[in-house]
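In: this is a predicted model, with the sequence first.
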Amino acid sequence: MAWKLSPRIEEILKKGRDGVPLERDEALALVHLELESRETYALMEAANHLSRAQFGKKGERHFHIGLNVEPCPMDCLFCSLTRKAGLFTEKYEYSMEEIVAWAKQGEAQGADGLNLMATGTYPFSRLLEVGRRLNKEVSVPLVANARDINHKEGEQLLDAGYVGFYHAVRLGEGKDTPFKPERRIETLRVLHDVGLKWVNCVEPVGPEHSPEEIVDLMLLARREKATYSGIMRRINFPGSPKEPEGMISERRMAQLVAVSRLVMGTTVKAHCVHEPNSLALVAGANLFFPEVGSSPRDAEAETGEGRGRTIEYCSDLLREMEWDPNLASNVY
Ligand code: SF4
């Protein structure tokens, strides 16, 4: 193995390390690097340096609360909450009392945001009701994660106390899902127009996705001004139609976290990874999602009893990698 980095990669990393956002061909070159190469470690170092220089020591924990379980008729292939997956046969909504209790627990444990996720047919009026109630009960910023919205609905979310909206044009959108990518992008424009912060992940990444597809979604996040972005890998639930494709490793995910970090440059307030793991925290990520309630990655109805990680667990991982969860959030 050569001791020196390839001159082209060195040049790209110098630019990225200094916070100059990367171009498409530069990001593609980094996504193609061998995991075992010195260049990949140098890439992670560059992304780590940029995040620590820009975000200070802050480690973020944004608490995902899944509001309901249903056999969702949208049948996105990667999601465990679908009719087709057959894991859940009944609709179930967590009660307002359960949601309030989780939100208060999140606040007591220092969550930096509450990300309230609803499935495809969750009543919008109920999402508004949850926002209004939580806004009275806790002072943690509220983020909705729901279907595509129009301007009127965006304004209603703001009135109900939400400050942000998690949304993604997913990998395989329109092929693995029934949604048109153009409509997903329209929602991003709605968020900007009404003043809801857009938060994003490039997701759900699997081994079958091409470098071009992945990089184009990183670039979309920068172009449409995501408040934070990052990488989430696809988790194959038992019986998932994606099982034959396998899953990417945390190691590959860390490489993509680092590329995504350099693509975003200094435009973002944090950089996320899901699910929580240590390696990504030395590759440019500083934001985790602890989880309770429903999750599209879990075969358990309450992911707190399944794959979901607690706020304490996430805080411990952050501290071990020398990020401080107790500092004030940079995001909202
Ligand atoms: S990702 Fe959302 S819309 Fe798609 S099947 Fe799952 S819950 Fe339904």
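Out: Looks like it came in fine.
In: can you tell me which residues contact the residue of the stretch 151-300 of the chain found nearest the ligand?
Out: Of all residues in the stretch 151-300 of the chain, residue 296 sits closest to the ligand, at 4.8 Å by C-beta to the nearest ligand atom. Backbone N, C-alpha and C define where each C-beta goes, glycine included. With contact taken as C-beta atoms under 8 Å, 6 or more residues apart in numbering, residue 296 is in contact with 76, 78, 79, 80, 81.
In: that one belongs to a helix?
Out: No: looking at residue 296 with DSSP: H, G, I helix; E, B strand; the rest coil, it is coil, so not inside a helix.
In: the residue most central in space within the chain - nearest residue in space that isn't next to it in sequence?
Out: For the chain, the residue nearest the mean C-alpha position is residue 201 (3.6 Å; C-alpha atoms, centre = their mean). The shortest distance from residue 201 to any non-neighbouring residue, by C-beta to C-beta, 6 or more residues apart in numbering, is to residue 232 (4.3 Å).
In: repeat that for residue 205.
Out: Residue 205 sits nearest to residue 233 (C-beta to C-beta, 6+ apart), 4.9 Å away.
In: contacts only, for the one you found.
Out: So residue 233 contacts 203, 204, 205, 206, 247, 248, 250, 253, 274, 275 (C-beta under 8 Å, 6+ apart).
In: for residue 273, give its distance to residue 105.
Out: 23 Å (C-beta to C-beta, to the nearest Å).
In: in this protein, which spans are strands?
Out: Along the chain, counting by DSSP state E, strands occupy 60-66, 68-69, 92-93, 113-117, 142-145, 162-166, 197-199, 202-205, 228-233, 270-274, 287-288, 291-293.
In: and the second one, how far out from the chain middle?
Out: If you compare the mean C-alpha spot of strand 68-69 with that of the full chain, they lie 19 Å apart, counting by C-alpha atoms, centre = their mean, to the nearest Å.
In: and for the fifth one?
Out: Relative to its chain's centre, strand 142-145 lies at 12 Å (C-alpha atoms, centre = their mean).
In: what does it rub up against?
Out: By C-beta under 8 Å, 6+ apart, strand 142-145 touches 62, 64, 113-118, 127, 131, 134-135, 157, 161-167, 197, 199.
In: next, see if that strand gets close to the ligand.
Out: No: judged by C-beta under 6 Å from any ligand atom, strand 142-145 and the ligand are separated, with a smallest distance of 9.1 Å.
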